[in-house]
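Colleague: no FASTA, just this:
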């Protein structure tokens, strides 16, 4: 466990520092940008996240799962076919947007050029994610952390220059994000090529395997997008960009919890996959279960601690025009606390490649969340989306926990092992 714990610290530390940079910019940006600006930024980023569901089909996850199953030669071909699938899916998305760009532009309150730029950004994000996924699978957290930090520094500096130096509005932060994302995706390609991860060869079986993994994840990823981004678009259309901006700032602070659990899972998932691939004994499974329960307790403690810290952030760091954003934070912390628990049990379903089941659960709950958000916004105002987020994330965790045990039985009641396995 020592190597795993060391990697966890580096991943968590790297991700926290990486995310802390834009977080620490909040005191500056909230003085130069209005809540409405934050609402428009959220609109663009939510659309990029939506496109990412279809561009690449999230097959970097297939690369992660197959990293330990394929020989180095076959893995190189597999990765090239993943990039080929990325190109094909991007072309399809571009054609669809070409047909509906006017309607999309009106709904998102963004000019058409931003819609097409979002396609390029989404493609670029996939290339970087693929590169980072390989570092995770190789259990090399240091280059992973350094790479992300450098990208964040570039985006941060460009943001400050454009907003403060050239007095841009929301477009300054979006342009900085675009430049940083695209440039580092090119760097990712060079790094993967340098590490000899490319062998130019079309493989029909690889493409089939990628599609079998990726296509069922479309509703799963759509469910994830509905859970984390659809609420912002609902707010824009129902209560306006200003309320969306206030929610976005509160959400960004609550995302502190998301940063921690996501960083932890990046270290945990390859460790778990490696353990499972070695057909672990019952005693080893019990150790994994005990560790999981301790992690759940740690999450509860962290939610309480971060909620207290958030009160200090609003009191001493943020412009008073965003004071009402604080009411959203606790519910977002709770939501991402359940997300961290979900990662721990959902990995078993991913390991068995039962992505259709995972997709049906997340999409079903996400639809419920959208309905709840709509109802709660009408009943309680913008805070309604925070209520629905906490409820839906909890539902997802419970359902995935139940089904993961059916897919890959673990001694969750280790004190009564004979009833479990």
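Modeller: Sure thing, it's come through. What you see is a predicted model, and the numbers here were worked out from it, not measured in a lab.

Colleague: how close does the closest residue to residue 109 other than its chain neighbours sit to residue 387?
Modeller: Nearest non-adjacent residue to residue 109, counting by CB to CB, 6 or more residues apart in numbering: residue 43, 5.9 Å away. Where you see a C-beta, it was placed from the backbone N, CA and C, and this is true even at glycine. Distance, residue 43 to residue 387, by CB to CB, to the nearest Å: 22 Å.

Colleague: These two: which has the busier surroundings?
Modeller: Comparing residue 43 with residue 387 by other CB atoms under 10 Å, the one with more neighbours is residue 43, at 25 against 19.

Colleague: wouldn't the more buried one be in contact with residue 107 here?
Modeller: No. Applying CB atoms under 8 Å as the test, residue 43 and residue 107 come out as separate, 9.0 Å apart.

Colleague: what residues do the two have in common as contacts?
Modeller: residue 233 (CB atoms under 8 Å, 6 or more residues apart in numbering).

Colleague: Quick check, residue 253 in contact with residue 325.
Modeller: Yes. Between residue 253 and residue 325 a contact is recorded at 7.4 Å, counting by CB under 8 Å.

Colleague: Let me see the contact set for the residue nearest to residue 120 when sequence neighbours are not counted.
Modeller: Excluding the flanking residues, the one nearest residue 120 by CB to CB, 6+ apart is residue 182, at 6.5 Å. Residue 182 is in contact with 120, 121, 124, counting by CB under 8 Å, 6+ apart.

Colleague: Check what pLDDT residue 182 gets.
Modeller: With respect to pLDDT, residue 182 scores 97.

Colleague: what does residue 30 give?
Modeller: With respect to pLDDT, residue 30 has a value of 86.

Colleague: Can I get the contacts of residue 182 in TSV including secondary structure and neighbour count?
Modeller: What follows is the contacts of residue 182, written out as TSV (DSSP: H, G, I helix; E, B strand; the rest coil; neighbours: other CB atoms under 10 Å):
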residue	secondary structure	neighbour count
120	helix	18
121	helix	23
124	helix	22
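
Colleague: and those as JSON lines, adding distance to residue 199?
Modeller: Below are the contacts of residue 182 laid out as JSON lines (distance: CB to CB, whole Å):
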{"residue": "120", "distance to residue 199": "26"}
{"residue": "121", "distance to residue 199": "28"}
{"residue": "124", "distance to residue 199": "23"}
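
Colleague: Kindly provide the distance from residue 375 to residue 266.
Modeller: Using CB to CB, residue 375 is found at 35 Å from residue 266.

Colleague: Those two - which one has more neighbours?
Modeller: residue 266 (23 against 13).

Colleague: in what helix or strand does the more buried one lie?
Modeller: Taking DSSP states H and E as the criterion, residue 266 maps to helix 241-277.

Colleague: Please identify the buried residues of that helix?
Modeller: Going by neighbour count (16 or more other CB atoms under 10 Å), the buried part of helix 241-277 is 241-273, 275-276.

Colleague: Then stretch 77-91?
Modeller: Judged by neighbour count (16+ other CB under 10 Å), stretch 77-91 contains these buried residues: 77, 78, 79, 80, 81, 82, 83, 84, 85, 86, 89, 90.

Colleague: Contacts only, for the residue nearest to residue 109.
Modeller: By CB under 8 Å, 6+ apart, the residues touching residue 43 are 108, 109, 110, 232, 233, 236, 241, 244.

Colleague: One more: residue 270?
Modeller: Contacts of residue 270 (CB under 8 Å, 6+ apart): 64, 67, 136, 137, 139.

Colleague: of all those, which comes closest to residue 347?
Modeller: Among these, residue 64 lies closest to residue 347 (CB to CB), at 10.5 Å.

Colleague: okay but that closest one is in contact with residue 137, surely?
Modeller: Yes. Using CB under 8 Å, residue 64 is in contact with residue 137, at 5.5 Å.

Colleague: Any regions of the protein where pLDDT drops low?
Modeller: The chain contains residues with pLDDT under 70 at 1-5, 8, 11-12, 15, 22, 417-421.

Colleague: per-domain residue ranges of it.
Modeller: Each domain of the chain is listed here as a residue range: 33-215, 233-421, per automatic domain parsing.

Colleague: which ones are touching residue 292?
Modeller: Residue 292 sits in contact with 344, 345, where contact means CB under 8 Å, 6+ apart.

Colleague: next structured bit after the strand or helix carrying it?
Modeller: Element membership for residue 292 (DSSP H and E) is helix 282-316. Heading C-terminal from helix 282-316, the first helix or strand you meet, by DSSP H and E, is helix 326-351.

Colleague: Off-centre distance for the helix or strand containing residue 366?
Modeller: Residue 366 belongs to helix 355-380 when elements are defined using DSSP H and E. How far helix 355-380 lies from its chain's middle: 17 Å, per CA atoms, centre = their mean, to the nearest Å.

Colleague: Near residue 286, how many other residues are there?
Modeller: 18.

Colleague: Next one: the nearest residue to it once chain neighbours are set aside from residue 399, what distance?
Modeller: Take residue 286 and drop its neighbours on the chain: the residue closest to it by CB to CB, 6+ apart is residue 414, 4.6 Å away. Applying CB to CB, the value for residue 414 to residue 399 is 22 Å.
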